[in-house]
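Engineer: Okay, sequence plus prediction incoming.
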Amino acid sequence: MTGHGGKGQKVKEDWIGKLTALGYSVREADQAAEKIEKMAPQLRRGLEQWFQTGQLADISAGGFTAAELTEQRGMTVPAAFLFMDWYLREPEEAGQALASMPDQVIAGHV
Amino acid sequence: MLVITFAQAAAEVKTELRRRFAWIYEKLNRFLGMEQKKAGTAFSLSEAEGALIGQSRAEAEAFFGSSAGEALAGMTPERRMALIEDFSYRMLDLWGLPDCDVIITDSGEIFPGAEAASCIGKCGLEEGVIYLNSCFLQENHEGILKKCAMAVLHEVRHMMQWRAIRGQLEIPVPAEAVESWQRNLEDGYIRASADLEGYYRQPVEYDARNFACLILGEL
(Lines give C-alpha, C1' and ligand atoms only; values in the text may rest on other atoms or scores of the structure.)
Protein backbone atom coordinates (compact mmCIF):
# COMPACT_ATOMS: atom_id res chain seq x y z
CA MET A 1 0.00 0.00 0.00
CA THR A 2 2.66 2.41 1.09
CA GLY A 3 4.81 1.53 -1.89
CA HIS A 4 2.04 2.16 -4.39
CA GLY A 5 1.01 5.46 -2.76
CA GLY A 6 4.67 6.48 -2.53
CA LYS A 7 5.21 5.86 -6.24
CA GLY A 8 2.12 7.88 -7.13
CA GLN A 9 3.28 10.70 -4.87
CA LYS A 10 6.73 10.64 -6.48
CA VAL A 11 5.20 10.85 -9.97
CA LYS A 12 3.07 13.80 -8.89
CA GLU A 13 6.07 15.53 -7.32
CA ASP A 14 8.02 15.04 -10.56
CA TRP A 15 5.25 16.74 -12.51
CA ILE A 16 5.08 19.57 -9.95
CA GLY A 17 8.83 20.07 -10.32
CA LYS A 18 8.61 20.22 -14.11
CA LEU A 19 5.67 22.63 -14.04
CA THR A 20 7.17 25.01 -11.49
CA ALA A 21 10.32 25.10 -13.63
CA LEU A 22 8.06 26.41 -16.42
CA GLY A 23 6.82 29.24 -14.21
CA TYR A 24 3.75 27.61 -12.67
CA SER A 25 2.94 28.69 -9.11
CA VAL A 26 2.87 25.90 -6.51
CA ARG A 27 -0.94 25.94 -6.48
CA GLU A 28 -1.16 25.87 -10.29
CA ALA A 29 1.40 23.07 -10.49
CA ASP A 30 -0.27 20.99 -7.80
CA GLN A 31 -3.67 21.15 -9.46
CA ALA A 32 -2.26 20.60 -12.96
CA ALA A 33 -0.16 17.61 -11.81
CA GLU A 34 -3.24 15.88 -10.44
CA LYS A 35 -5.01 16.30 -13.76
CA ILE A 36 -2.00 15.14 -15.77
CA GLU A 37 -1.99 11.88 -13.82
CA LYS A 38 -5.59 11.25 -14.89
CA MET A 39 -5.11 12.56 -18.43
CA ALA A 40 -6.08 10.47 -21.47
CA PRO A 41 -3.05 8.20 -22.12
CA GLN A 42 -2.32 9.42 -25.67
CA LEU A 43 -2.29 13.02 -24.47
CA ARG A 44 -0.10 12.26 -21.47
CA ARG A 45 2.36 10.48 -23.76
CA GLY A 46 2.41 13.57 -25.99
CA LEU A 47 3.13 15.82 -23.02
CA GLU A 48 5.84 13.49 -21.71
CA GLN A 49 7.41 13.47 -25.16
CA TRP A 50 7.48 17.27 -25.23
CA PHE A 51 9.18 17.40 -21.84
CA GLN A 52 11.77 14.83 -22.99
CA THR A 53 12.49 16.04 -26.53
CA GLY A 54 10.94 19.49 -26.95
CA GLN A 55 8.96 18.09 -29.91
CA LEU A 56 5.21 18.65 -30.04
CA ALA A 57 3.40 15.49 -31.13
CA ASP A 58 0.81 15.89 -33.86
CA ILE A 59 -2.16 15.20 -31.59
CA SER A 60 -5.49 16.95 -31.76
CA ALA A 61 -8.67 16.85 -29.71
CA GLY A 62 -11.87 18.43 -30.89
CA GLY A 63 -9.99 19.97 -33.79
CA PHE A 64 -7.51 21.75 -31.49
CA THR A 65 -3.79 21.05 -31.62
CA ALA A 66 -1.23 21.86 -28.96
CA ALA A 67 0.66 24.09 -31.40
CA GLU A 68 -2.43 26.13 -32.18
CA LEU A 69 -3.39 26.51 -28.52
CA THR A 70 0.07 27.68 -27.52
CA GLU A 71 0.62 30.04 -30.46
CA GLN A 72 -2.85 31.55 -30.78
CA ARG A 73 -4.29 31.23 -27.30
CA GLY A 74 -1.22 31.98 -25.23
CA MET A 75 -1.32 28.68 -23.35
CA THR A 76 1.76 26.94 -22.06
CA VAL A 77 2.36 23.52 -23.62
CA PRO A 78 1.10 21.65 -20.51
CA ALA A 79 -1.97 23.95 -20.49
CA ALA A 80 -2.65 23.06 -24.12
CA PHE A 81 -2.63 19.33 -23.28
CA LEU A 82 -4.76 19.95 -20.18
CA PHE A 83 -7.24 21.84 -22.32
CA MET A 84 -7.45 19.06 -24.92
CA ASP A 85 -8.06 16.56 -22.13
CA TRP A 86 -10.81 18.77 -20.68
CA TYR A 87 -12.33 19.10 -24.14
CA LEU A 88 -12.48 15.29 -24.44
CA ARG A 89 -14.25 15.07 -21.06
CA GLU A 90 -16.56 18.09 -21.31
CA PRO A 91 -16.59 19.55 -24.82
CA GLU A 92 -19.40 22.00 -24.19
CA GLU A 93 -17.97 23.64 -21.09
CA ALA A 94 -14.41 23.61 -22.40
CA GLY A 95 -15.56 25.19 -25.65
CA GLN A 96 -17.43 27.88 -23.73
CA ALA A 97 -14.38 28.63 -21.61
CA LEU A 98 -12.20 28.99 -24.69
CA ALA A 99 -14.71 31.33 -26.32
CA SER A 100 -15.06 33.43 -23.17
CA MET A 101 -11.78 35.32 -23.75
CA PRO A 102 -9.95 35.05 -20.46
CA ASP A 103 -8.65 37.87 -18.30
CA GLN A 104 -6.05 37.91 -15.53
CA VAL A 105 -5.92 39.12 -11.97
CA ILE A 106 -2.58 40.56 -10.89
CA ALA A 107 -1.91 40.69 -7.17
CA GLY A 108 1.23 42.87 -7.39
CA HIS A 109 2.06 45.82 -9.61
CA VAL A 110 2.19 45.46 -13.39
CA MET B 1 11.03 -5.13 -22.24
CA LEU B 2 7.85 -7.11 -22.87
CA VAL B 3 6.97 -6.87 -19.18
CA ILE B 4 7.39 -3.07 -19.22
CA THR B 5 5.22 -2.80 -22.32
CA PHE B 6 2.56 -4.98 -20.72
CA ALA B 7 2.71 -2.91 -17.52
CA GLN B 8 2.34 0.30 -19.54
CA ALA B 9 -0.63 -1.10 -21.43
CA ALA B 10 -2.27 -2.25 -18.19
CA ALA B 11 -1.74 1.20 -16.65
CA GLU B 12 -3.35 2.83 -19.69
CA VAL B 13 -6.33 0.49 -19.57
CA LYS B 14 -6.68 1.26 -15.85
CA THR B 15 -6.57 5.03 -16.49
CA GLU B 16 -9.12 4.75 -19.28
CA LEU B 17 -11.47 2.64 -17.14
CA ARG B 18 -11.17 5.12 -14.27
CA ARG B 19 -12.03 8.00 -16.65
CA ARG B 20 -15.04 6.15 -18.02
CA PHE B 21 -16.32 5.19 -14.57
CA ALA B 22 -15.96 8.83 -13.44
CA TRP B 23 -17.93 9.95 -16.49
CA ILE B 24 -20.72 7.37 -15.90
CA TYR B 25 -20.84 8.24 -12.19
CA GLU B 26 -21.22 11.94 -12.97
CA LYS B 27 -23.96 11.33 -15.57
CA LEU B 28 -25.82 9.00 -13.22
CA ASN B 29 -25.66 11.56 -10.41
CA ARG B 30 -26.97 14.24 -12.72
CA PHE B 31 -29.79 11.94 -13.83
CA LEU B 32 -30.70 11.21 -10.22
CA GLY B 33 -30.49 14.90 -9.27
CA MET B 34 -27.53 14.31 -6.99
CA GLU B 35 -25.01 16.46 -8.80
CA GLN B 36 -22.34 17.69 -6.44
CA LYS B 37 -21.53 21.36 -6.54
CA LYS B 38 -18.15 21.96 -8.11
CA ALA B 39 -15.77 24.32 -6.36
CA GLY B 40 -16.57 27.91 -7.09
CA THR B 41 -20.13 27.42 -8.19
CA ALA B 42 -21.71 29.42 -5.38
CA PHE B 43 -22.91 32.84 -6.47
CA SER B 44 -24.79 34.97 -4.01
CA LEU B 45 -25.47 38.68 -3.72
CA SER B 46 -26.42 40.91 -0.81
CA GLU B 47 -29.59 42.99 -0.97
CA ALA B 48 -27.53 46.13 -1.59
CA GLU B 49 -25.74 44.43 -4.49
CA GLY B 50 -29.07 43.30 -5.92
CA ALA B 51 -30.33 46.89 -5.94
CA LEU B 52 -27.13 48.10 -7.61
CA ILE B 53 -27.41 45.38 -10.26
CA GLY B 54 -30.75 46.89 -11.31
CA GLN B 55 -29.22 50.37 -11.37
CA SER B 56 -26.24 49.11 -13.38
CA ARG B 57 -28.53 47.52 -15.95
CA ALA B 58 -30.36 50.82 -16.40
CA GLU B 59 -27.03 52.65 -16.76
CA ALA B 60 -25.76 50.08 -19.28
CA GLU B 61 -28.92 50.52 -21.32
CA ALA B 62 -28.43 54.29 -21.25
CA PHE B 63 -24.89 53.80 -22.58
CA PHE B 64 -25.50 51.09 -25.15
CA GLY B 65 -29.23 50.97 -25.89
CA SER B 66 -30.76 47.53 -26.34
CA SER B 67 -27.61 45.85 -27.72
CA ALA B 68 -24.10 46.60 -26.48
CA GLY B 69 -22.42 44.76 -29.37
CA GLU B 70 -24.50 46.47 -32.02
CA ALA B 71 -24.06 49.92 -30.47
CA LEU B 72 -20.28 49.54 -30.26
CA ALA B 73 -19.97 48.06 -33.74
CA GLY B 74 -21.70 51.11 -35.17
CA MET B 75 -18.99 53.48 -33.89
CA THR B 76 -15.44 54.32 -34.89
CA PRO B 77 -12.81 52.57 -32.75
CA GLU B 78 -11.91 55.92 -31.13
CA ARG B 79 -15.52 56.66 -30.21
CA ARG B 80 -16.12 53.17 -28.84
CA MET B 81 -12.96 53.33 -26.72
CA ALA B 82 -14.13 56.64 -25.28
CA LEU B 83 -17.56 55.17 -24.54
CA ILE B 84 -16.10 52.05 -22.92
CA GLU B 85 -13.83 54.25 -20.81
CA ASP B 86 -16.79 56.40 -19.67
CA PHE B 87 -18.82 53.28 -18.94
CA SER B 88 -15.96 51.82 -16.90
CA TYR B 89 -15.63 54.92 -14.72
CA ARG B 90 -19.40 55.06 -14.24
CA MET B 91 -19.46 51.45 -13.07
CA LEU B 92 -16.47 52.00 -10.77
CA ASP B 93 -18.29 54.97 -9.19
CA LEU B 94 -21.53 53.06 -8.83
CA TRP B 95 -19.84 50.08 -7.17
CA GLY B 96 -17.89 52.14 -4.65
CA LEU B 97 -14.51 52.20 -6.42
CA PRO B 98 -14.11 55.86 -7.46
CA ASP B 99 -10.35 55.88 -6.82
CA CYS B 100 -9.63 53.16 -9.40
CA ASP B 101 -8.27 53.84 -12.87
CA VAL B 102 -8.97 52.39 -16.30
CA ILE B 103 -6.28 52.10 -18.97
CA ILE B 104 -7.20 51.01 -22.48
CA THR B 105 -4.01 49.91 -24.14
CA ASP B 106 -2.28 47.56 -26.57
CA SER B 107 1.01 47.89 -24.71
CA GLY B 108 3.25 44.85 -25.05
CA GLU B 109 4.30 45.31 -21.44
CA ILE B 110 0.72 44.80 -20.24
CA PHE B 111 -0.34 42.24 -22.85
CA PRO B 112 2.91 40.57 -23.96
CA GLY B 113 3.24 38.01 -26.76
CA ALA B 114 0.17 35.90 -27.44
CA GLU B 115 -1.77 37.80 -24.75
CA ALA B 116 -2.28 40.60 -27.28
CA ALA B 117 -4.72 38.30 -29.08
CA SER B 118 -5.91 36.13 -26.20
CA CYS B 119 -6.27 38.23 -23.03
CA ILE B 120 -9.11 40.74 -23.01
CA GLY B 121 -8.35 42.49 -19.73
CA LYS B 122 -6.32 42.54 -16.54
CA CYS B 123 -7.02 43.75 -13.06
CA GLY B 124 -4.10 45.22 -11.10
CA LEU B 125 -5.51 44.66 -7.64
CA GLU B 126 -2.92 46.47 -5.49
CA GLU B 127 -2.57 49.46 -7.78
CA GLY B 128 -6.32 49.73 -8.42
CA VAL B 129 -6.04 49.75 -12.21
CA ILE B 130 -8.17 47.97 -14.78
CA TYR B 131 -6.39 47.32 -18.08
CA LEU B 132 -8.50 46.70 -21.17
CA ASN B 133 -6.90 45.30 -24.31
CA SER B 134 -7.52 47.84 -27.08
CA CYS B 135 -6.82 45.24 -29.80
CA PHE B 136 -10.25 43.74 -29.17
CA LEU B 137 -11.89 47.18 -29.39
CA GLN B 138 -10.49 47.62 -32.90
CA GLU B 139 -12.54 44.66 -34.15
CA ASN B 140 -15.80 45.43 -35.94
CA HIS B 141 -17.40 42.30 -34.57
CA GLU B 142 -20.52 42.64 -32.41
CA GLY B 143 -19.81 39.49 -30.39
CA ILE B 144 -16.25 40.55 -29.56
CA LEU B 145 -17.32 44.12 -28.74
CA LYS B 146 -20.02 42.87 -26.39
CA LYS B 147 -17.33 40.81 -24.66
CA CYS B 148 -15.30 44.03 -24.23
CA ALA B 149 -18.24 45.64 -22.42
CA MET B 150 -18.65 42.47 -20.33
CA ALA B 151 -14.92 42.57 -19.55
CA VAL B 152 -15.35 46.02 -17.96
CA LEU B 153 -17.88 44.62 -15.49
CA HIS B 154 -15.82 41.46 -15.00
CA GLU B 155 -12.76 43.50 -13.98
CA VAL B 156 -14.84 45.86 -11.82
CA ARG B 157 -16.04 42.78 -9.95
CA HIS B 158 -12.47 41.53 -9.42
CA MET B 159 -11.63 44.91 -7.91
CA MET B 160 -14.67 44.63 -5.63
CA GLN B 161 -13.61 41.15 -4.56
CA TRP B 162 -10.15 42.43 -3.61
CA ARG B 163 -11.47 45.46 -1.72
CA ALA B 164 -14.00 43.25 0.11
CA ILE B 165 -11.19 40.92 1.21
CA ARG B 166 -9.24 43.94 2.46
CA GLY B 167 -12.33 45.31 4.26
CA GLN B 168 -12.25 48.38 2.00
CA LEU B 169 -15.57 47.92 0.21
CA GLU B 170 -18.50 49.88 1.61
CA ILE B 171 -21.14 47.85 -0.23
CA PRO B 172 -22.06 44.83 1.90
CA VAL B 173 -21.15 41.48 0.37
CA PRO B 174 -22.06 38.00 1.73
CA ALA B 175 -19.38 36.83 4.18
CA GLU B 176 -19.12 33.35 2.66
CA ALA B 177 -18.38 34.89 -0.74
CA VAL B 178 -15.58 37.02 0.73
CA GLU B 179 -14.08 33.95 2.41
CA SER B 180 -14.02 31.99 -0.83
CA TRP B 181 -12.51 34.93 -2.75
CA GLN B 182 -9.86 35.31 -0.06
CA ARG B 183 -8.88 31.65 -0.26
CA ASN B 184 -8.75 31.90 -4.04
CA LEU B 185 -6.83 35.17 -4.41
CA GLU B 186 -4.46 34.72 -1.47
CA ASP B 187 -3.85 30.98 -1.64
CA GLY B 188 -3.51 30.64 -5.36
CA TYR B 189 -5.10 32.24 -8.39
CA ILE B 190 -4.88 30.02 -11.47
CA ARG B 191 -4.01 31.75 -14.74
CA ALA B 192 -5.84 30.80 -17.93
CA SER B 193 -2.48 30.36 -19.66
CA ALA B 194 -1.52 27.70 -17.07
CA ASP B 195 -4.77 25.72 -16.95
CA LEU B 196 -7.95 27.01 -18.58
CA GLU B 197 -10.22 24.62 -16.67
CA GLY B 198 -8.70 25.60 -13.31
CA TYR B 199 -8.98 29.27 -14.28
CA TYR B 200 -12.59 28.99 -15.44
CA ARG B 201 -13.80 27.11 -12.37
CA GLN B 202 -12.13 29.11 -9.61
CA PRO B 203 -14.49 31.11 -7.34
CA VAL B 204 -13.38 34.63 -8.30
CA GLU B 205 -13.77 33.95 -12.03
CA TYR B 206 -17.11 32.20 -11.64
CA ASP B 207 -18.37 35.13 -9.59
CA ALA B 208 -17.05 37.79 -11.98
CA ARG B 209 -18.62 36.03 -14.98
CA ASN B 210 -21.99 35.84 -13.29
CA PHE B 211 -21.79 39.46 -12.17
CA ALA B 212 -21.10 40.71 -15.70
CA CYS B 213 -23.77 38.45 -17.14
CA LEU B 214 -26.43 39.70 -14.69
CA ILE B 215 -25.86 43.27 -15.83
CA LEU B 216 -25.11 42.93 -19.53
CA GLY B 217 -26.23 39.41 -20.38
CA GLU B 218 -29.40 40.52 -22.10
CA LEU B 219 -28.12 43.68 -23.75
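Structural biologist: Thanks, I have the structure now. Residues are numbered from 1 along each chain as shown, chains lettered A, B, ... in the order given.
Engineer: of all of chain A, which residue lies closest to chain B?
Structural biologist: A:Arg27 (2.6 Å; C-beta to the nearest C-beta). For every residue, glycine as well, the C-beta is placed using N, CA and C.
Engineer: if I look at the closest residue in space to B:Ile165 that isn't next to it in sequence, how far off is B:Leu97?
Structural biologist: Spatial nearest neighbour of B:Ile165, chain neighbours left out: B:Gln182 (4.7 Å); criterion: C-beta to C-beta, 6 or more residues apart in numbering or on different chains. Counting by C-beta to C-beta, to the nearest Å, the gap between B:Gln182 and B:Leu97 amounts to 18 Å.
Engineer: ditto for A:Glu13
Structural biologist: In terms of C-beta to C-beta, A:Glu13 sits 42 Å off from B:Leu97.
Engineer: So which elements touch the helix ranked longest in chain A?
Structural biologist: Assignment by DSSP state H gives helix A:2-21 as the longest helix of chain A. Other helices and strands packing on helix A:2-21, by 3 or more C-beta pairs under 8 Å, 6 or more residues apart in numbering or on different chains; DSSP states H and E, are helix A:26-37.
Engineer: And the helix or strand following the helix it packs on, what's buried?
Structural biologist: Counting by DSSP states H and E, the next helix or strand C-terminal to helix A:26-37 is helix A:41-53. For helix A:41-53, the neighbour count (16 or more other C-beta atoms under 10 Å in any protein chain shown) marks A:Pro41, A:Leu43, A:Arg44, A:Gly46, A:Leu47, A:Glu48, A:Trp50 as buried.
Engineer: can you check stretch B:77-92 too?
Structural biologist: B:Arg80, B:Met81, B:Leu83, B:Ile84, B:Glu85, B:Phe87, B:Ser88, B:Tyr89, B:Arg90, B:Met91, B:Leu92.
Engineer: and the second one, that's in a helix?
Structural biologist: Yes - with DSSP: H, G, I helix; E, B strand; the rest coil as the criterion, B:Met81 is located in a helix.
Engineer: what pLDDT does it get?
Structural biologist: Note on B:Met81: pLDDT of 97.
Engineer: go on, the last one?
Structural biologist: Per-residue confidence for B:Leu92 comes out at a pLDDT of 98.
Engineer: B:Gly188 too?
Structural biologist: Looking at B:Gly188, its pLDDT is 89.
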